[in-house]
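Student: Quick one, structure for this:
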Amino acid sequence: MKAFRAARLLTSNGVLDHPWLLVEDGRIVEIGTRDSHAPPAEVDVSDFGAALIGPGYLDLHIHGSAGYDVMDDAAEALPAIEGFLARHGVTSYLPTTVTAPMEKTLRALERLADAIEEAARPGTTSTRDEKTAGRAVPLGIHLEGPFISHARRGVHPPENLLAPSLEIFERLWQAARGHIRLLTIAPELDGALELIAAAAGRGVCVSLGHSNAELAEAERGISAGARHATHTFNAMRPLGHRDPGILGAVLTDSRVSADIISDGIHLDPAIVKLVAEAKGTEQTVLITDATSATGMPDGQYHLGSFDVEVKNGRVMSHGSLAGSVLTMDLAVQNLAKFTGWDLAQAVSAASRNPARVAGIENRGALKVCSAADFLVLSPEGQVMRTFVGGVECLR
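Tutor: Numbers count the residues shown, from 1 in each chain. You can find the predicted model right below:
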């Protein structure tokens with residue numbers, strides 16, 4: 001059992017002054033304040049002074065980092081990615097596939113399912129050795145493609161795109177052993193509405209994205225069960241004042257949350273502010289869409305089954321943006337800067353809100369019985385230390 005103290009603690013209901021957390025076996029067992037009562041006298045206490053304690057970040061959309069892609073065969077890929085994520089405040093994530101040949105996708109889903117099940121094995125969090133301590137934890141899979149629009153495919157290989165099909169989805173579902181938590185789909189495609197309803201019925205969060213949908217087509221997708229939007233504005237039919245399209249539905253429908261890439265490249269800061277004001281502090285979600293190039297120098301890298309080039313912070317393939325090199329700690333700071341939100345609100349967009357979108361109940365907020373995934377933050381939002389299951393990340 002361990003206790004942790006700081007000047008403030010960021011909760012989903014606001015800020016708690018002079019708090020302490022009591023952690024046992026990877027879980028938060030008690031939260032108190034200096035003005036209520038002290039932690040038990042027999043436990044070790046770590047005091048972080050003037051810093052803040054906040055919830056760990058959850059990235060719903062990440063393809064890789066540290067030179068590796070989540071679809072890589074290499075055994076060292078996920079450990080390297082997870083270590084990098086934790087150093088930047090991400091304590092859990094949804095490894096995200098990109099459209100690829102079916103056999104490559106199926107193999108990747110099987111490997112990711114193995115990693116998710118290993119991370120969830122009883123005792124894993126509290127018994128990690130030095131090589132795995134403090135790594136981000138995979139909680140499910142985000143399937144981005146193959147059911148997306150050719151017109152708005154971005155860099156997804158056109159030869160591997162597929163029409164929405166319950167039979168194909170079932171193959172993907174079986175390979176992932178039911179660990180698909182998020183599905184990006186273009187609602188205007190033939191067969192999409194049936195697939196949206198079926199996936200939502202299995203508890204999958206269906207997200208509208210890579211879509212050329214008109215307003216009515218997007219609304220039908222929402223009525224069928226879609227509840228989220230993937231990298232809003234990017235790879236979507238543009239917003240027009242007489243032809244609002246998919247963005248008109250995403251920005252105005254209260255049933256839909258929206259994620260954004262706040263790197264100042266994918267969206268102008270004014271558009272980040274527009275989305276945040278339209279969706280509010282409860283339905284705005286930060287993602288990174290990070291690639292294997294994240295944390296690496298300029299050069300050639302890969303995304304799924306194709307190559308990308310990184311130069312001056314831009315990831316490109318054949319003249320189009322191909323993901324990012326954004327880290328979540330910077331995304332949080334950018335959101336606060338671009339919108340004028342306070343730190344607690346910006347942190348929620350990277351923690352509580354994505355956890356709600358993905359249907360994950362024991363992460364995203366600091367509360368009794370939740371996983372002891374938390375960050376030590378400077379008053380400006382810089383990540384100073386990261387704890388996963390109460391175990392500090394190796395920096």
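
Student: what's the pLDDT at residue 34?
Tutor: We have a pLDDT of 87 for residue 34.

Student: what about it, distance to residue 190?
Tutor: Going from residue 34 to residue 190 by CB to CB, to the nearest Å gives 61 Å. Every residue, glycine included, has its C-beta placed from N, CA and C.

Student: Equivalent analysis for residue 355, please.
Tutor: For residue 355, the distance to residue 190 - CB to CB - is 33 Å.

Student: Setting aside sequence neighbours, what's the nearest residue to residue 165?
Tutor: residue 191 (6.0 Å; CB to CB, 6 or more residues apart in numbering).

Student: That neighbour: what's it in contact with?
Tutor: Residue 191 makes contact with 163, 164, 165, 166 under the criterion CB atoms under 8 Å, 6 or more residues apart in numbering.

Student: Which of those are buried, as a ChimeraX select command?
Tutor: Of the contacts of residue 191, the buried ones go into a single ChimeraX selection, burial set by 16 or more other CB atoms under 10 Å:
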select :164,165
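
Student: So which of the contacts of residue 191 sit within helices?
Tutor: Among the contacts of residue 191, DSSP state H puts residue 166 in helices.

Student: Closest one of the contacts of residue 191 to residue 307?
Tutor: residue 163 (26.7 Å; CB to CB).

Student: so which of the contacts of residue 191 comes closest to residue 378?
Tutor: Taking CB to CB as the measure, residue 378 lies nearest residue 164 of the contacts of residue 191, at 45.5 Å.

Student: okay, residue 355 and residue 190: which has more neighbours?
Tutor: residue 355 (26 against 9; other CB atoms under 10 Å).

Student: how near is the closest residue to residue 206 other than its chain neighbours to residue 32?
Tutor: In space, residue 206 comes closest to residue 226 once its chain neighbours are excluded; the distance is 4.4 Å by CB to CB, 6+ apart. Look at residue 226 and residue 32: by CB to CB, they are 41 Å apart.

Student: neighbour-wise, which of those two wins?
Tutor: Shown here are residue 226 and residue 32; by other CB under 10 Å, residue 226 has more neighbours (31 against 17).

Student: Against residue 100, how distant is that one?
Tutor: If you measure residue 226 against residue 100 using CB to CB, the figure is 23 Å.

Student: next one: residue 142
Tutor: 14 Å.

Student: Settle it for me: which of these two has more neighbours?
Tutor: residue 142 (26 against 21).

Student: what secondary structure does the more buried one sit in?
Tutor: Classification of residue 142 using DSSP: H, G, I helix; E, B strand; the rest coil returns strand.

Student: Make sure it is actually in contact with residue 181.
Tutor: Yes. Residue 142 is in contact with residue 181 according to CB atoms under 8 Å; the separation is 6.9 Å.

Student: shared neighbours of those two, anything?
Tutor: Common contacts of residue 142 and residue 181 (CB under 8 Å, 6+ apart): residue 94.

Student: quick revisit: was I right to think the residue nearest to residue 206 contacts residue 258?
Tutor: No. Here residue 226 does not reach residue 258: they are 11.6 Å apart, not a contact under CB under 8 Å.

Student: In the stretch 51-200 of the chain, mark out all the helices, start to finish.
Tutor: In the stretch 51-200 of the chain, the helices defined using DSSP state H, counting those that start in this stretch lie at 77-87, 102-119, 166-175, 192-201.

Student: Looking at the ones you listed, which one is packed in the most?
Tutor: Greatest average neighbour count among the helices of the stretch 51-200 of the chain goes to helix 77-87 (a mean of 24), per mean count of other CB atoms under 10 Å.

Student: the inter-axis angle of that helix versus helix 102-119?
Tutor: 60 degrees (axes from the mean of the first three to the mean of the last three CA atoms, to 10 degrees).

Student: Just give me the neighbour total for the closest residue to residue 232 other than its chain neighbours.
Tutor: In this structure, residue 232 finds its nearest non-sequential neighbour in residue 258, 4.4 Å apart by CB to CB, 6+ apart. Residues lying near residue 258 (other CB under 10 Å) number 25.

Student: Parallel or antiparallel, which strands does whatever helix or strand residue 258 lives in pair with?
Tutor: Using DSSP states H and E, residue 258 sits within strand 257-260. Neighbouring strands of strand 257-260 in its sheet, by DSSP bridges, are strand 228-229 (parallel), strand 284-286 (parallel).
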